[in-house]
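[1] Please work out how this folds:
(one chain, ligands or ions: 1)
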Amino acid sequence: MDNTDMKQIQWFPGHMAKTRRLIAANLKLVDAVAEIVDARAPLSSRNPEMDSMTKNKPRLVILNKCDLADEKATQSWINYFKNNGIEAVAVDCKSGRGLKNILPAVKNKVLAELMAKREQNGMSGAAVRLMVVGIPNVGKSTVINRLSGAKHAKAEDRPGVTRTKQWVKLDKSTELLDMPGVLWPKFEDQDAAVRLAFTGAISDDILDIETLAAKLLLFLANGYPDSLKERYKVMPEADMSGFDLLESVGRKRGMMISGGEINTERAAITVIDEFRSGKLGRITLEMPQKRD
Ligand code: G4P
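    Residues are numbered from 1 along each chain as shown. Down below sits the predicted model:
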């Protein structure tokens, strides 16, 4: 994805209240909630009110885009959610890996109690209903389309545009509720907002592209230095700032403007695009902390 097709979404209190109401009103129609997050930033890409909004509904977290995330980190996140009483599965919609684990996780783990009760009452044929939620760009439409094997209308992702909720029948025993309304991300938390800007989930207008790329390069120099060595032949040193790293990338790539100056804007666009498309390797932007 380049900068020109970046999603420009704005959130307003009225739209947020409407989405909150919609979720509350529809929760009674479903047995469980599947919350899709970006495996590269599993907390930053959650809606900040998801826990309170879904109250005591059984929940599955789907760590999508795990093809772009660090495999070990993804496993740590699965453990983290499990330790917090939430079942989690890793999914990669590009190859389809993990998709087949979603429904068994819902039926055998998230809803094990309900399924046992239904079995006892001779109701085991009753359909399982699952609400699917996620902030924009985590891959909600892609997951739904891959699970159903069909292309459904894309969830309208402009707040205020009316769209009715959509039931997607997967088979005789499973139905998904694709919720209209847009869930807002954690934009009040600056670090989370920057991580979401790295992934392209929110507009990178929150920072100019060079500052954004400099922040990403500094993160990579600390957490994934090999990715910089391999992709750009840049050897991060302890005293280098993000902008020093950006200049090094530009220099190594021969991105010059007249007068021998480095075209840091071009270098920044390259770094951000290459991170988003996975060319820098599999990278996770945040790790579970004990305090989380
Ligand atoms: P949304 O409904 O949550 O807003 O997200 P959507 O499904 O539209 O997906 C957002 C972008 O993420 C899409 O890319 C989609 O292809 C990509 N995506 C979804 N799942 C995965 C995944 O598991 N791995 C990877 N690598 N990418 C994923 P796009 O650039 O907006 O469009 P396009 O490239 O599909 O044309």
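[2] which bits of this protein sit near the ligand?
    1, 64-65, 67-68, 92-94, 134, 136-142, 155, 157 (C-beta under 6 Å from any ligand atom). C-beta: built from backbone N, CA, C; applies to glycine.
[3] please redo it, this time with the cut-off set to 8 Å
    Counting by C-beta under 8 Å from any ligand atom, the residues of the chain lying close to the ligand are 1, 5, 7, 36, 64-68, 91-94, 134-145, 154-155, 157, 200, 277-278.
[4] filter those residues to the buried ones?
    Among the residues of the chain next to the ligand, those classed as buried by 16 or more other C-beta atoms under 10 Å are 36, 64-68, 91-93, 134-145, 155, 157, 200.
[5] count of neighbours near residue 39?
    31 (other C-beta atoms under 10 Å).
[6] State the pLDDT value of it.
    Looking at residue 39, its pLDDT stands at 98.
[7] Quick one: residues contacting it.
    Residue 39 makes contacts with 63-66, 68-69, 74, 77, 90, 284, as judged by C-beta atoms under 8 Å, 6 or more residues apart in numbering.
[8] For these, give me TSV that also has secondary structure and pLDDT.
    Below are these laid out as TSV (DSSP: H, G, I helix; E, B strand; the rest coil; pLDDT from 0 to 100):
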residue	secondary structure	pLDDT
63	strand	98
64	strand	98
65	coil	98
66	coil	98
68	coil	98
69	coil	98
74	helix	98
77	helix	98
90	strand	98
284	coil	98
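[9] and which of those residues is nearest residue 233?
    Minimum distance to residue 233 across those is 22.4 Å, recorded for residue 68 (C-beta to C-beta).
[10] so the closest one makes contact with residue 279?
    No. Assessed by C-beta atoms under 8 Å, residue 68 is found out of contact with residue 279, at 10.2 Å.
[11] low pLDDT regions in the stretch 101-250 of the chain?
    Across the stretch 101-250 of the chain, the ranges flagged by pLDDT under 70 are 151-163, 204-205.
[12] can you pull out the strands in it?
    Counting by DSSP state E, counting those that start in this stretch, the stretch 101-250 of the chain has strands at residues 128-133, 166-171, 174-178.
[13] among those, which is the most enclosed?
    strand 128-133 (a mean of 22; mean count of other C-beta atoms under 10 Å).
[14] Tell me the residue in this structure that is farthest from the middle.
    residue 259 (41.6 Å; C-alpha atoms, centre = their mean).
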